[in-house]
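> What follows is a predicted structure for the sequence shown.
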Amino acid sequence: MSRIGIRPITIPAGVEVSIDNNVVSVKGPKGELQEAISALLNIEINDGVITVSRDSDAKEYRSQHGLARTLINNMIEGVTKGYEKKLILVGVGYKAEKKGNTLVMNLGYSHPVEMPDPEGITTEVPDATTVIVKGIDKAFVGNYAANIRKWRVPEPYKGKGIKYDGEVIRRKEGKTGA
C-alpha cells in the first residue's frame, strides 16, 4: 500500500469540499481551488475525513494514489493557510521594487525586468533585495518563483543571482593564478 495515499485527510472548520466526477473542489477562507483527479481512484468524504482508495495494485493505480492524496491535501492547506516562497537577490546593484501590480527588478541588464503578477499570485517586496511570492495554489506559487529566479540563476563563483531563502549555493574555487 502507498504510505502517503492511505493517510486520511481531515477537513478543517470553514472549508467545504465537494467531489463531482473525480473533480475535487475546495472552498475556504482564502479562495477556491479545483483539481481533476484520476478516474482510477475512489475519493470519499465521511464525517469530515477524506479518504483516497484504489481498486487494484496495478502500477498505474499505485502511481496515482499518493499523488491524488497530496494534491487534495495541498488544496486544503492552500485555502486555509496559503503558500509563500521567499527569494533573495544577491549582487551589486540587484534590487527589486513593486509598482502597482508589477514586480520591477534591476538585475544587471541594460533594462529593468518587469513581471506582472498573474491572477491568484501576489508579490511583496519588504526590502530592496527580498521578494516574497504568495498564493493559494502551491504549484503556481512555485512556478512563478522559478520564473523570477530564471532571470539570474546563482552562479557558483561569487554566488550572485536570485536564490531561494535557505538555499545553499555550492561554491567553486577560482583560478589559482600561479
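Noted; the coordinates are in hand.
> for this structure, what's the longest helix?
Taking DSSP state H as the criterion, the chain has its longest helix at helix 59-80.
> for that one, packing partners?
strand 9-10, strand 23-28, strand 31-36, strand 41-46, strand 49-54, helix 138-149 (3 or more CB pairs under 8 Å, 6 or more residues apart in numbering; DSSP states H and E). Placement of C-beta: from N, CA and C, glycine included.
> Swap in 10 Å and give it another go.
Contact partners of helix 59-80 among helices and strands, from 3 or more CB pairs under 10 Å, 6 or more residues apart in numbering; DSSP states H and E: strand 9-10, strand 16-20, strand 23-28, strand 31-36, strand 41-46, strand 49-54, helix 138-149.
> Extract the C-alpha set from stretch 28-40 and format it as PDB.
The C-alpha coordinates for stretch 28-40 follow below in PDB (Å, rounded to 0.1, in the frame of the first residue of the first chain):
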ATOM      1  CA  GLY A  28     -12.100  28.100   2.100                       C
ATOM      2  CA  PRO A  29     -11.400  31.400   3.700                       C
ATOM      3  CA  LYS A  30      -8.600  32.400   1.200                       C
ATOM      4  CA  GLY A  31     -10.300  31.200  -2.000                       C
ATOM      5  CA  GLU A  32     -11.400  28.300  -4.100                       C
ATOM      6  CA  LEU A  33      -9.400  25.600  -6.000                       C
ATOM      7  CA  GLN A  34     -10.400  22.800  -8.300                       C
ATOM      8  CA  GLU A  35      -8.400  19.800  -9.400                       C
ATOM      9  CA  ALA A  36      -9.200  16.800 -11.700                       C
ATOM     10  CA  ILE A  37      -8.100  13.600 -10.000                       C
ATOM     11  CA  SER A  38      -7.500  10.400 -12.000                       C
ATOM     12  CA  ALA A  39     -10.700   8.300 -12.600                       C
ATOM     13  CA  LEU A  40      -8.700   5.200 -11.400                       C
END
